[in-house]
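> just a sequence and a predicted model for now, questions to come.
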Amino acid sequence: MVNISTLDPGASPLDYYGFELRRCREAAGLTQRQLGEIINFTGSLVGQVETARKLPTLDFSERTDAALGTGGLLSRLHPLVMRSQLPVWFQQVAELEVRAIEICTFQVGMIHGLLQTPNYVRAVLGALDDTDLDDRSAVRLARQRIFEKEEPPVFWMVLSEAALKQEIGGSEIMRGQLAHLLSFENNPQINIQVLPFSAGAHAGLTGPFNVYRFAGDPAIVYTEGYGSGHPTANPDTVKDCALRYDHLRAAALSIKDSVALIRRVMEDRYGEQVA
């Protein structure tokens, strides 16, 4: 077991979280078991979080903040902890998502991570490796909290029709995922357009990409390779991708027609009747 006296709060956000949890708990005069009883978690789990061996959930953080009167300290640290658990090459992208005022994404084979359901996430991440799947899934899902911000980004997704028909995780999981996409129908912050097979050759044949726009900073384009990410603010690249995205949106179905197609796919392929 890690000795808390040797836990370096500067080693990582997770270590800092554990250090602060231990400090606040001891200041309140509570044992790990006592705190666990108050927040309805085991004392063992409290100890694992304190020694940076277990990721805290948002629920754990909020309950602990309330129990210890920390003023929301742990809840504020939680997003930093979760982002730090992403692959190193992807952490910069998660930071771009937090800072962006607008995110434009073109996706081919699957739904973008910011709109994935928990079951879809597990199916994607567990396709070849199901180790630590709970924690890995929680880390991906935590990125979606950007939509809970006081001023969330405007999100545009042009999605190939292929992603609607690639049955990831089975028909039940796909039904739930497509229903999730339909839930944004009247949300002006999250806009989904489907690029139908009938569009033929299109401006996105070179592959998926994201464009992030910021208040006062240059836009950034992000593309992804196997186990690596490639963000760039090169003006020529940004200009080219922005033009490609405009053409993709023009070739895609309208938001209203995209909703209708998603409904048809649910009914025809996954047996779901949608009102």
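Okay, I see it. As the structure is a prediction and not an experimental result, all values here were calculated from the model.

> what score does the closest residue in space to Gly43 that isn't next to it in sequence have for pLDDT?
Nearest residue to Gly43, sequence neighbours excluded (CB to CB, 6 or more residues apart in numbering): Arg33, at 3.4 Å. For glycine as for every other residue, the C-beta is placed from the backbone atoms N, C-alpha and C. pLDDT, Arg33: 95.

> do you know how far Arg33 is from Ala27?
Computed with CB to CB, to the nearest Å, the distance linking Arg33 and Ala27 is 17 Å.

> do Tyr245 as well
Separation of Tyr245 from Ala27 (CB to CB): 51 Å.

> between the two, point out the one with more neighbours.
Tyr245 (21 against 11; other CB atoms under 10 Å).

> that one falls within a helix, correct?
Yes: secondary structure of Tyr245 (DSSP: H, G, I helix; E, B strand; the rest coil): part of a helix.

> bridged to the closest residue to it other than its chain neighbours, which residues?
Leaving aside its sequence neighbours, Tyr245 sits nearest to Cys104 (CB to CB, 6+ apart; 5.3 Å). Under DSSP bridges, the beta-bridge partners of Cys104 are Trp156, Val211.

> count the residues that sit near Cys104.
Cys104 has 24 neighbouring residues, counting by other CB under 10 Å.

> what sits against it?
The contact partners of Cys104, taken as CB atoms under 8 Å, 6 or more residues apart in numbering, are 156-158, 210-211, 213, 245.

> how close does it sit to Gly36?
To Gly36, Cys104 is 44 Å away according to CB to CB.

> same check on Pro208?
In this view, Pro208 and Gly36 are 43 Å apart by CB to CB.

> ditto for Arg213
44 Å.

> for this structure, which segments are assigned as strands?
With strands called from DSSP state E, the chain shows them at 102-107, 154-160, 190-195, 209-213, 220-225, 228-232.

> is it possible to get JSON lines of those strands that adds mean pLDDT and distance to Gly169?
Output for the strands of the chain, formatted as JSON lines (pLDDT from 0 to 100; distance: least, CB to CB, whole Å):
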{"stretch": "strand 102-107", "mean pLDDT": "97", "distance to Gly169": "17"}
{"stretch": "strand 154-160", "mean pLDDT": "98", "distance to Gly169": "17"}
{"stretch": "strand 190-195", "mean pLDDT": "98", "distance to Gly169": "20"}
{"stretch": "strand 209-213", "mean pLDDT": "97", "distance to Gly169": "23"}
{"stretch": "strand 220-225", "mean pLDDT": "90", "distance to Gly169": "21"}
{"stretch": "strand 228-232", "mean pLDDT": "85", "distance to Gly169": "24"}
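
> how about JSON lines for these, with distance to Phe184 added?
As requested, the strands of the chain are arranged in JSON lines below (distance: least, CB to CB, whole Å):
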{"stretch": "strand 102-107", "distance to Phe184": "14"}
{"stretch": "strand 154-160", "distance to Phe184": "9"}
{"stretch": "strand 190-195", "distance to Phe184": "4"}
{"stretch": "strand 209-213", "distance to Phe184": "18"}
{"stretch": "strand 220-225", "distance to Phe184": "22"}
{"stretch": "strand 228-232", "distance to Phe184": "25"}
